[in-house]
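Chemist: Show me the folded form of this:
(chains A and B)
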Amino acid sequence: MSVAILRQGDYLIASIQVDLSDSQVLELRDDLSERIGRARARGLIIDVAALDVIDSFVARSLGSIAITARLRGAETVITGIEPDVAIAMVQFDLDLAPLRTALDLDEALSLLDRLTQGVGEDGA
Amino acid sequence: MNQENQSNEDPSRQMPEVDRSLLHELVAYLRDNRTELREEWVARITQAQLLEVMTPEEIFSEVTAVYDNYVDALETGSIETLQAYARDLSERIIPRGVETHEVLGIVLLLRDVLARALFVEYQRDADLLNRILDAYEPAANRIAVTVSVSFVEERERVIREQQEAIRELSTPVLQVRDRLLILPIIGVLDSARARQLTEQLLGAIQANRAKVVVIDITGVATIDLTVANHLVQTVEAARLMGASAIITGLSSKIAQTLVDLGVDLSMMRTVGDLQGGLEEAERLIGHRPAAKGSRPDAAAT
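Modeler: Numbers count the residues shown, from 1 in each chain, chains lettered A, B, ... in the order given. Predicted structure coming up:
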């Protein structure tokens, strides 16, 4: 397990601390998907603040994690993207629209609160 | 020195065994006639209406220094001293508005004056004159190139510095209130500036924990495809960092251009003017729940 996944209320928080290999990224995706179901999580926060580089594979994988998580019932927020990383990411020819982002963990939590409340309202 | 000259020049025109002594003679002649040749040069400069921003005394003292450096360079074959002097001179005269054509003209005038003097001095012996000119011309051309290039390089350095200064001055990122930044862009937006602007903006977003940035481009007259795409990327990069960007002040011309260019604007949030942009920004910030778990609507009121 290269990424610790913490649970906070209805949310899961995955904090990536080291550069991940492609297979580790895929492993993380499967892991998160499985944990969301098990924990019945409604939100997922992925903190990438420790990463100096996000390559196109990781960027694409973050998008697919977000989509997978939504299918499993959780909204995903990416947090802690550094300026240089952001500049590099927008140069990939990728559709980053599925990625919801927040400045830091605080923001991510309040964004998730807003998102999941909306879902709850619709469901009610 | 001869070797150095030879390496740059056509060897068939060089006569190495006589070159050195000829150059010595040449240099001695130029030293002996320093006063007249210098005056002749100044007269030609004045006549050609070059360096009009300088006083005659200034011209004369600069001319003296250049002349001496010139003769030294001819003698030693080393252009470093002359190069350093030329750079220093350029540094002094560029702020006063001396143009490139003036510097080129002056250097060429000196070359003409000296060549003419040599011609007069040695015309009785055509063969000797030929060889003197053979020795003189390559060295003189090299010196002319050195001085001109030094001037142009100095000029370019000044321009680069000014561009840098203008760029830094022209893209301030202002914090208007907590978590709200304004980035007014005025003037020509080229890709170098657009890139610098993106870096500044993203850095400021991180430093100020900005939630919303208003990018006002009222002061931008035109935009091209590269810059437009860069702007879109900037907005997207800001979003990745967790901040929303609002573009305000798109002139109708720029709006038209963006549409014609087919720039994908679906990710761009635009508002007509800066006032509207600020109102929109306040609304976005207000939407943030005041306390965890509170309703968004409640927070907005």
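
Chemist: correct me, but residue B:205 touches residue A:102?
Modeler: No - using CB atoms under 8 Å, residue B:205 is not in contact with residue A:102, being 12.0 Å away. Yep, even glycine has a C-beta here, placed from its N, CA and C like the rest.

Chemist: In the helix or strand residue B:234 falls within, which residues are buried?
Modeler: Following DSSP states H and E, the helix or strand that holds residue B:234 is helix B:225-240. For helix B:225-240, the buried set under the neighbour-count rule, 16 or more other CB atoms under 10 Å in any protein chain shown, comprises B:227-240.

Chemist: What's the mean pLDDT across it?
Modeler: For helix B:225-240, the mean pLDDT works out to 88.

Chemist: can you tell me how far the residue most central in space within chain A sits from chain B?
Modeler: What sits nearest the mean C-alpha location of chain A, by CA atoms, centre = their mean, is residue A:46, with 3.7 Å. Counting by CB to the nearest CB, to the nearest Å, the separation of residue A:46 from chain B is 13 Å.

Chemist: Show me which helix or strand of chain A is least confident by mean pLDDT.
Modeler: Lowest mean confidence among the helices and strands of chain A (mean pLDDT, DSSP states H and E): helix A:105-123, at a mean of 76.

Chemist: so where is the stretch 51-200 of chain B shaky, pLDDT-wise?
Modeler: Where the stretch 51-200 of chain B drops to pLDDT under 70, the residues are B:170.

Chemist: which parts of it sit against chain A?
Modeler: Proximity of the stretch 51-200 of chain B to chain A is assessed by CB under 8 Å from any CB of the partner chain, with B:198-199 identified as the residues in range.

Chemist: Which strand or helix spans residue B:98?
Modeler: Counting by DSSP H and E, residue B:98 is part of no helix or strand.

Chemist: so where is chain A shaky, pLDDT-wise?
Modeler: A:1, A:118-124.

Chemist: Where do the helices of it begin and end?
Modeler: In chain A, the helices defined using DSSP state H lie at A:22-39, A:56-71, A:83-91, A:105-123.

Chemist: And these: which comes nearest chain B?
Modeler: Go through those one by one with CB to the nearest CB and the one that ends up closest to chain B is helix A:83-91, at 3.4 Å.

Chemist: Any idea which residue is closest to the centre of chain B?
Modeler: residue B:159 (2.8 Å).

Chemist: Which parts of chain B are helices?
Modeler: Using DSSP H, the helices of chain B run over residues B:2-8, B:16-32, B:34-47, B:56-76, B:80-93, B:100-122, B:126-170, B:191-208, B:225-240, B:252-261, B:274-286, B:296-300.

Chemist: so can I have JSON lines of the ones you listed showing distance to residue A:17?
Modeler: As requested, the helices of chain B are exported to JSON lines (distance: least, CB to CB, whole Å):
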{"stretch": "helix B:2-8", "distance to residue A:17": "59"}
{"stretch": "helix B:16-32", "distance to residue A:17": "70"}
{"stretch": "helix B:34-47", "distance to residue A:17": "71"}
{"stretch": "helix B:56-76", "distance to residue A:17": "63"}
{"stretch": "helix B:80-93", "distance to residue A:17": "52"}
{"stretch": "helix B:100-122", "distance to residue A:17": "57"}
{"stretch": "helix B:126-170", "distance to residue A:17": "36"}
{"stretch": "helix B:191-208", "distance to residue A:17": "19"}
{"stretch": "helix B:225-240", "distance to residue A:17": "20"}
{"stretch": "helix B:252-261", "distance to residue A:17": "41"}
{"stretch": "helix B:274-286", "distance to residue A:17": "31"}
{"stretch": "helix B:296-300", "distance to residue A:17": "32"}
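
Chemist: For chain A, see how far away residue B:242 is.
Modeler: Here the distance between residue B:242 and chain A works out to 4 Å (CB to the nearest CB).
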